[in-house]
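In: Show me how the following folds:
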Amino acid sequence: MTYDWCRWQQAAETALYGEEGFYRRPEGPAGHFRTSVHASPLFATAVARLLAGTARELGTDSVDLVDVGAGRGELLTGVLAALRDEALAPGLTVRARAVELAPRPPGLDPAVEWHAELPRGVRGLLFANEWLDNVPTDVAEADADGVPRYVLVRTADGAERLGDPVTGADARWLSRWWPLARPGDRAEIGRPRDEAWARAVASLAAGTAVAVDYAHVRASRPPFGTLTGFREGREVPPVPDGSCDLTSHVALDACAAAADGTAELLDQRTALRELGISGERPPLAQASADPAGYVRALASAGQAAELTARGGLGDFGWLRHRVPEREEGYCPA
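Out: Residues are numbered from 1 along each chain as shown. Coordinates of the predicted model:
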C-alpha cells in the first residue's frame, strides 16, 4: 500500500480483494467477525427450508442453491447437512454453488461447486448473506457550501480530504436515494451495490434471490454514513491497507428498485419466524417428561433468540426478490 490519495471505492476494492487483500487471507471472514451463519446452525436450517419452499413453488425436485460471498462455504455446508433430514425435503436434489473470490478451502464437501463469478441460468435460490455491505462504494460529503464532494482517502493510514464534486450517475443516485441536507453530511454512494444486486437477480432463470445485510432505507439514512472497519472481532478505524474488513450498511430499498422481479423488504426477525425460527422456549412440562429433549430444545431456543433479537441480528434487513420463469432462450447480460 502507498500514501497515494484516491476515492474510497478504488481504495476498498484493492484493500479487500487485491492480491494481498483482506478477503484472501487464509483464516477467512470467520476469523474476524461473527455472522448469523456462525451464530447458529438454525440459520442454515432456515435457508434449507426456504430452498425447499422455492423448489415447491417451481414445481421441481432439482434446484440450484447459490451462495454469493460464500466465505469458506460455511452456509452451504450447513444447508446440505440440514437437508439430509429427509422430513425437511424428501427427494430434493440440490446443486450447491459457492461464489467467492478466495480459493476453494481444503476439506470442503466435494458436492459444493466453487465459482469466482455468478453462474447463469440458475433455477432455485440465490442467497447473499452480508455480501452487499462489502461491495465497495465511493463516499460523498457535503462541503461548507452544501455541495456533495467525493471523499478521498490516504491508503496507508485512512486520513481523508474532500475531492471533486459528485457528478453524473452518482449525483443522480444521491439525489434520489440519499440527499445530503447540511454541510458535513456524508453518504455511501450505493450505485455499485444496486448494479451488483441487479446482476445477481438477473442470473436467475427462475426462483428467489435473497440479500441479508445491515441496512437502512431513505426515510432513516444515517446523517454521517456508516463506513467502519472490523478486525479480530472488534470494530476498528476503516483504514484501506488490507489489515481489516471495510463495511458499510446497505441502502436495500435502492437495491430493490434496481432489479427485475417482485421485491419485498423485511427484517430478519420476521423472515426467520416465517421459516419456523422463533426463539420461543419449550413448555416447562417437557422438563419432567423428557429432560434431555427439554435441554436440547432450550439450547435451540436460545440460539433462535439471538438470531431474531431486536437491537441485534434480528434487525438485519432481508431483501427477497422473486423471479418468475424467464422466457425460453433467456440469457442474462
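In: can you count the residues close to Asp109?
Out: Neighbour count for Asp109, taken as other CB atoms under 10 Å: 11. (Each C-beta comes from the backbone N, C-alpha and C, glycine too.)
In: same check, this time on Thr60
Out: So Thr60, with other CB under 10 Å, has 15 neighbours.
In: Tell me what the residue nearest to it when sequence neighbours are not counted is bridged to.
Out: In space, and not counting its chain neighbours, Thr60 is closest to Arg123: 7.1 Å by CB to CB, 6 or more residues apart in numbering. On the basis of DSSP bridges, Arg123 is bridged to Ala206.
In: contacting residues around Arg123?
Out: Applying CB atoms under 8 Å, 6 or more residues apart in numbering, we find Arg123 in contact with Leu58, Thr60, Val63, Asp64, Leu204, Ala205, Ala206, Gly207.
In: cool, Tyr150 as well?
Out: Tyr150 makes contacts with Arg7, Trp8, Asp138, Val139, Ala140, Leu162, Gly163, Asp164, Pro165, Val166, as judged by CB under 8 Å, 6+ apart.
In: The last one contacts Arg149, doesn't it?
Out: Yes: under the criterion of CB atoms under 8 Å, Val166 is in contact with Arg149, at a separation of 6.4 Å.
In: I'd say Trp8 and Arg154 touch.
Out: No: counting by CB under 8 Å, Trp8 stays clear of Arg154, with 11.1 Å between them.
In: joint contacts of Val166 and Arg149?
Out: Ala140.
In: Looking at the two, which has the bigger crowd around it?
Out: More crowded of Val166 and Arg149, by other CB under 10 Å: Val166, with 25 against 18.
In: Any figure for the gap between the more buried one and Pro148?
Out: Val166 is 4 Å from Pro148, where distance means CB to CB, to the nearest Å.
In: Quickly list what's touching both of these two.
Out: Ala140, Leu174.
In: quick one, strands of the stretch 151-300 of the chain?
Out: Using DSSP state E, counting those that start in this stretch, the strands of the stretch 151-300 of the chain run over 160-165, 186-189, 204-213, 215-216, 228-231, 234-236, 245-247, 250-251, 262-267.
In: Nearest to Val68 among those would be which one?
Out: Distance to Val68, taken as CB to CB, is lowest for strand 204-213 among the strands of the stretch 151-300 of the chain, at 8.5 Å.
In: Output the contacting helices and strands for the closest one.
Out: Packing contacts for strand 204-213, counted by 3 or more CB pairs under 8 Å, 6 or more residues apart in numbering; DSSP states H and E, involve helix 41-58, strand 122-129, helix 191-202, helix 252-258, strand 317-323.
In: Pick the most buried one from those.
Out: Burial of the helices and strands packed on strand 204-213 is given as mean neighbour count (mean count of other CB atoms under 10 Å); strand 122-129 ranks first at a mean of 23.
In: Okay, buried residues for the helix or strand following that one please.
Out: Scanning forward in sequence from strand 122-129 by DSSP states H and E, the next helix or strand is strand 138-142. Neighbour counts over strand 138-142 (16 or more other CB atoms under 10 Å) mark Asp138, Val139, Ala140, Glu141, Ala142 as buried.
In: Rebuild these as TSV, extending it with pLDDT and distance to His38.
Out: Output for the buried residues of strand 138-142, formatted as TSV (pLDDT from 0 to 100; distance: CB to CB, whole Å):
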residue	pLDDT	distance to His38
Asp138	98	30
Val139	98	28
Ala140	98	33
Glu141	98	34
Ala142	98	38
